[in-house]
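Participant: coords please:
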Amino acid sequence: MTKVIIIGGGWAGCAAAVTAKKAGADVLLLERTDMLLGLGNVGGIMRNNGRYTAAEEAILLGAGDLFKLTDKASRHVNIDFPGHKHASLYDVCKMEPMVRRYLIEMGIEIKFKTRVVDVQMKDNTINGIVLANNDIIYGDVFIETTGSTGPMGNCLKYGNGCAMCILRCPTFGPRVSISMKAGIEDILGKRSDGSYGAFSGSCKLNKDSLSEEIVRELNEKGVVILPLPKEDINLDKLKVKVCQQYALKEFAENIILLDTGHAKLMAPFYPLEKLRKIKGLENARFEDPYSGGIGNSIRYLSIAPRENSMKVKGIDNLFCAGEKSGLFVGHTEAIVTGSLAGHNSVRHEKGLKLLELPVNIAIGDLISFANKKIKEEDGLKNRFTFAGSVYFDRMKELNLYSTDREFLKKKIKRLNLINIFEEKIV
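Facilitator: Model prediction:
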């Protein structure tokens, strides 16, 4: 049986595990920490803007398992906030255990607290991966979904220091670029000023530290908007955010809170003394990152060059997904790239032609467009997401954005791609 090894248990790694398993592979998922989902444990925003289209496309393609779980865990559905329509907000406190149980029920083997630090190579093929304890795990094909955040040195060099985020590098050890260990140079994303990396775009506040009025409104509506004092408005801070879909003046002029179980603060960081000046936030406390008054994690410092099939260029049996595969922002983007990587890993091992999704569906176009733009100097300063900014504009221009399920179903059916990810290959 084909042995697929996935390095990294974030949304992309979990999605890759699901589709590789559906294709008939023996799947082993390795996660550096003691939890799945990575930054998905502090995220929670789904189906906003073009992400609705992408989620429905994925379901039609047969890769809807994780979207159905996020729908099930949603605290709020079909809500609007500045620049965003029909969003769902999943409960970050419930999501990870749900995904963990689902993967185990599928028969996917998961090893936690397992950090991969090197590779064993023969020519351009990976034979095995080396763990921090010097054990070697052998497989047929490998998928890297290690993300692009950390280690601590990068947050010190390109940010405001270790922010003590959910990734917990000091506890579980730093992220290692597997593609780079295999001899492939990483691509680094840039900010508008040319410096490298970008701050994660949001923090979590402990809901119990907020006023009863704010908590009540969050629980009922899912969104709270609090105007900032004029002296605290700073439009320049929008430039440092990874999430360009939220780089709108409304996010600089207001505190915007979303209910994802905790209160999601839509800012990369916010000085605690200023935050507590705002009515209702007098006792506010950061839940993640713990140093959210000073900084946040730095991302987009480890991207592998790839084909539109998600295969890493220059390595015969390595695929990638999520932030490792491009300047992508968001859970939806991680899930759809992971789903393609997992499916194609089994196709590759069986000697079949790799699947490239057509550009007349949003998922295929995003993967192709981001791959094209990353080769351009200015392209390294962009971020690509179905939810806004450059790519959502493109979706609308190309008529790829739709919330009409029947329209999307007819399109996917016409392309003969209905349930393509459900096909058993092995």
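Participant: what number of residues lie near Val215?
Facilitator: Neighbour count for Val215, taken as other C-beta atoms under 10 Å: 18. No exception for glycine: its C-beta is placed from N, CA and C like everyone else's.
Participant: For it, what are phi and psi?
Facilitator: With angles defined as degrees, to the nearest 10, Val215 sits at phi -60, psi -40.
Participant: Hmm, it is touching Lys207, no?
Facilitator: Yes - here Val215 reaches Lys207: they are 5.7 Å apart, a contact under C-beta atoms under 8 Å.
Participant: Show me whatever sits in contact with both of those two.
Facilitator: Residues touching both Val215 and Lys207 (C-beta atoms under 8 Å, 6 or more residues apart in numbering): none.
Participant: Give me the pLDDT value at Lys375.
Facilitator: For Lys375, the model assigns a pLDDT of 87.
Participant: what does Asp193 give?
Facilitator: On the pLDDT scale, Asp193 is placed at 86.
Participant: Is it in a helix, a strand, or coil?
Facilitator: The three-state label given to Asp193 by DSSP: H, G, I helix; E, B strand; the rest coil is coil.
Participant: Tally up the residues packed near it, please.
Facilitator: Neighbour number of Asp193 under other C-beta under 10 Å is 8.
Participant: just Gly194 next, same as before
Facilitator: 9.
Participant: Would you mind measuring from it to Leu301?
Facilitator: Distance of Gly194 to Leu301, given as C-beta to C-beta, to the nearest Å: 14 Å.
Participant: Then Asn308?
Facilitator: 23 Å.
Participant: One more: Ile45?
Facilitator: Between Ile45 and Leu301 the distance is 23 Å, computed by C-beta to C-beta.
Participant: Same check on Thr385?
Facilitator: 18 Å.
Participant: higher neighbour count, these two?
Facilitator: Taking neighbours as other C-beta under 10 Å, Thr385 and Leu301 compare with Thr385 leading, 27 against 24.
Participant: Need the phi and psi values for the more buried one.
Facilitator: phi -150, psi 150.
Participant: Return the distance of the nearest residue to it once chain neighbours are set aside relative to Asp26.
Facilitator: Excluding the flanking residues, the one nearest Thr385 by C-beta to C-beta, 6 or more residues apart in numbering is Val329, at 4.1 Å. Distance check for Val329 against Asp26: by C-beta to C-beta, it reads 32 Å.
Participant: So for these two, which residue has more residues nearby?
Facilitator: Neighbours were counted for Val329 and for Asp26 using other C-beta under 10 Å; Val329 has more, 28 against 17.
Participant: And the pLDDT at that one?
Facilitator: Confidence score, pLDDT, at Val329: 94.
Participant: My guess is it contacts Phe384. True?
Facilitator: Yes - using C-beta under 8 Å, Val329 makes contact with Phe384 at a distance of 7.0 Å.
Participant: who does the lowest-mean-pLDDT helix or strand in the chain touch, helix- and strand-wise?
Facilitator: Every helix and strand of the chain was ranked by mean pLDDT, DSSP states H and E. The lowest is helix 249-253, at a mean of 76. Using 3 or more C-beta pairs under 8 Å, 6 or more residues apart in numbering; DSSP states H and E as the contact test, no helix or strand touches helix 249-253.
Participant: From Asn41, how far out is Lys324?
Facilitator: Separation of Lys324 from Asn41 (C-beta to C-beta): 18 Å.
Participant: Which residue of those two possesses the greater neighbour count?
Facilitator: Set Lys324 next to Asn41 and count neighbours by other C-beta under 10 Å: Lys324 wins out with 34 against 21.
Participant: what stretches of this protein score poorly on pLDDT?
Facilitator: Scanning the chain for pLDDT under 70 picks out 232-249.
Participant: how is it carved up into domains?
Facilitator: 3-191+299-422, 198-288 (automatic domain parsing).
Participant: Pick the most deeply packed of those domains.
Facilitator: Neighbour counts (mean count of other C-beta atoms under 10 Å) averaged over each of those peak at domain 3-191+299-422, with a mean of 21.
Participant: what's the spacing between Ser302 and Ala15?
Facilitator: Taking C-beta to C-beta, one finds Ser302 at 19 Å from Ala15.
Participant: can you check Ile367 too?
Facilitator: In terms of C-beta to C-beta, Ile367 sits 13 Å off from Ala15.
Participant: repeat for Ser368
Facilitator: 19 Å.
Participant: Now do the contacts for Leu210.
Facilitator: 218, 263, 280-281, 283-284.
Participant: swap in Leu29?
Facilitator: Contacts of Leu29 (C-beta under 8 Å, 6+ apart): 6, 9, 13-14, 17, 103, 108-111.
Participant: can you do 7 Å?
Facilitator: With contacts defined as C-beta atoms under 7 Å, 6 or more residues apart in numbering, Leu29 is in contact with 6, 9, 13, 17, 108-110.
Participant: In terms of distance to Asp135, which of these ranks first?
Facilitator: Using C-beta to C-beta, Glu109 comes nearest to Asp135 of those, at 14.9 Å.
Participant: hey, where'd the helices end up in the stretch 201-350 of the chain?
Facilitator: Ranges of helices within the stretch 201-350 of the chain are 212-221, 249-253, 272-275, 331-349, based on DSSP state H, counting those that start in this stretch.
Participant: Could you list every helix and strand in contact with the last one?
Facilitator: Here helix 331-349 is seen to pack against helix 11-22, helix 50-61, strand 141-144, strand 318-320 when contacts are counted using 3 or more C-beta pairs under 7 Å, 6 or more residues apart in numbering; DSSP states H and E.
Participant: Work out the gap between it and the centre of the chain.
Facilitator: 13 Å (C-alpha atoms, centre = their mean, to the nearest Å).
Participant: CA atoms of that helix as CSV?
Facilitator: In CSV, the C-alpha atoms belonging to helix 331-349 read as follows (Å, rounded to 0.1, in the frame of the first residue of the first chain):
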residue,chain,number,x,y,z
HIS,A,331,-8.2,28.2,6.6
THR,A,332,-10.2,27.7,3.4
GLU,A,333,-7.1,28.3,1.3
ALA,A,334,-5.1,25.8,3.4
ILE,A,335,-7.9,23.2,3.1
VAL,A,336,-8.3,23.4,-0.7
THR,A,337,-4.5,23.3,-1.4
GLY,A,338,-4.1,20.4,1.1
SER,A,339,-6.9,18.5,-0.5
LEU,A,340,-5.2,18.7,-3.9
ALA,A,341,-1.8,17.8,-2.5
GLY,A,342,-3.2,14.7,-0.7
HIS,A,343,-5.0,13.4,-3.7
ASN,A,344,-2.1,14.0,-6.1
SER,A,345,0.4,12.3,-3.7
VAL,A,346,-1.4,9.0,-4.4
ARG,A,347,-1.7,9.7,-8.1
HIS,A,348,2.0,10.3,-8.2
GLU,A,349,2.9,7.1,-6.5
